[in-house]
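Enquirer: just need the structure, nothing else, for what follows:
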Amino acid sequence: MDDRDATSLSVLQRFQAQFLRTQASSTTTTHLTLETHSENSRAKSRAWVTTGGTGGIAQMHTGRASGGQTDMGSPPGVTPVQHPACPVCQGATTVPFAMTRHKYRSLSEDRARGTLVREFLHCMHCDACFVNPVNYISDEEAKRRYAEHENDPQDSRYVKFLGQAINPLLCDLLERFGSLTAQSVSSASGADAPSQPAPAIRFEEKDPESDRAVSKVLSRLSGMDYGCGPGPAVSYHFGERWNANVINYDPTFYPLDLSPYDGALDFVVCTEVLEHVAEPQETASQLLQLVRSPMPRTDGTSLPSGVLCIMTGIFARKEMPRSPFSRPEVDAFLKWAYTRDPTHIVFYQASTLELLFLRAFNRLSSSTMRFSTLSVRIRQDPACKNVFLIDLVPKAQVNESV
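Expert: Reported below is the predicted structural model:
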């Protein structure tokens, strides 16, 4: 990335500036619905920008409504253009709130000086923020950008970064499956295995004694690094240190038919993936389908389900949820480094991500038999707000805990 000149203009000015730069041989009209704020009032502005004719001269026609009125009419012969629906909840109440211009080395040469203009919209229903699909880069450009990512399995900084997600996952796996390993050992020896606390383990720190204890658990499990990228660090470290079987999957670098793994995995790691996905509902359903369901035992208890570990950037709003972005929030959003990656196209609140997986689970439970007797549990890691652990539990267990 050569230039990080994120442009934050006033509501109408920034769109006017965009269209003044447009050189069109035919007349085109774009409809913009934007919200502006002042200390004493809130109003909705509607603008039509018409470009065309000689010189590409732009004319902006604006209307203003107060008191919640939004129907201000259109200029003669103009049909307002609807904003894209939210990719997370498919809601139609989406509002443009920011625009950026950056230069990237990885963009194709036919792009003017490598400059990318991106319009950001906000969903008033689920609080997701997303890039207008017309501003997506091509698949080839995205692949070149992914190749620039520093995700070498041997890079200590990247391993430490991954540790934010892997450490809570390891704790969960040891607690979830550690007792099963002890039971299998006691059954083979004919003696009761002593109850031992899970070993202290950190992904970024190697300790031979702890690694041997962890290996006894993880070597019996099967997992997947979903969206592993060109440098699959999770499978490398899980295999080298703990003899765990971790499958690499990435639609660009490690394409794979996922159908054989439906309901077969003890854990799925999905770090820094959802922000790249144009259809997150489909991805969330696919991730849930990979995780193994809990299995009933003869003593009335259940073998635990698999667990899904999600990590993605969370933009924590300070204003009222599902309310229009304030000026300070727009500024904070544009300063957020996450928005500067041209492959990042969807941005989540914690509540947005929870809604995504709840809806995905509800669709599966209505169409797939094995989900009909289950509930989904979503937990945000208290130490790292970007990390979520998701698993499946019997409905009876949820009712007992309520």
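Enquirer: can you tell me the helix or strand for Val234?
Expert: Per DSSP states H and E, Val234 falls inside helix 233-242.
Enquirer: oh, I was asking about Gln289
Expert: With DSSP H and E as the test, Gln289 turns up in helix 280-290.
Enquirer: just Arg101 next, same as before
Expert: In this structure, Arg101 sits in strand 94-103 according to DSSP H and E.
Enquirer: now that strand: mean pLDDT?
Expert: Strand 94-103 comes out with an average pLDDT of 90.
Enquirer: same question, stretch 175-188
Expert: 57.
Enquirer: next, give phi and psi for Ala85.
Expert: The phi/psi pair for Ala85 (degrees, to the nearest 10) reads phi -70, psi 160.
Enquirer: state the distance from it to Phe333.
Expert: 20 Å (CB to CB, to the nearest Å). In short, each C-beta sits where N, CA and C put it, glycine included.
Enquirer: how about Phe325?
Expert: Taking CB to CB, one finds Phe325 at 7 Å from Phe333.
Enquirer: can you list residues touching both of those two?
Expert: 97-98 (CB atoms under 8 Å, 6 or more residues apart in numbering).
Enquirer: tell me which helix or strand comes right after whichever strand or helix holds Arg176.
Expert: Per DSSP H and E, Arg176 falls inside helix 156-189. On the C-terminal side of helix 156-189, the closest following helix or strand by DSSP H and E is helix 208-218.
Enquirer: the helix or strand just after that next one pairs with which strands, and in what direction?
Expert: Counting by DSSP H and E, the next helix or strand C-terminal to helix 208-218 is strand 222-226. Applying DSSP bridges, strand 222-226 is found paired with strand 245-249 (parallel), strand 267-271 (parallel).
Enquirer: for Met99, find the nearest of those.
Expert: Closest to Met99 of the strands paired with strand 222-226 is strand 267-271 (CB to CB; 28.8 Å).
Enquirer: give me the more crowded residue out of Ala85 and Phe333.
Expert: Using other CB atoms under 10 Å as the criterion, Ala85 and Phe333 rank with Phe333 on top: 22 against 16.
Enquirer: tilt between the host helix or strand of that one and strand 94-103?
Expert: For Phe333, the host element (DSSP H and E) is helix 327-335. Here helix 327-335 points in a direction 40 degrees away from that of strand 94-103 (axes from the mean of the first three to the mean of the last three CA atoms, to 10 degrees).
Enquirer: quick check: Met320 is in a strand.
Expert: No. Counting by DSSP: H, G, I helix; E, B strand; the rest coil, Met320 is not part of a strand but coil.
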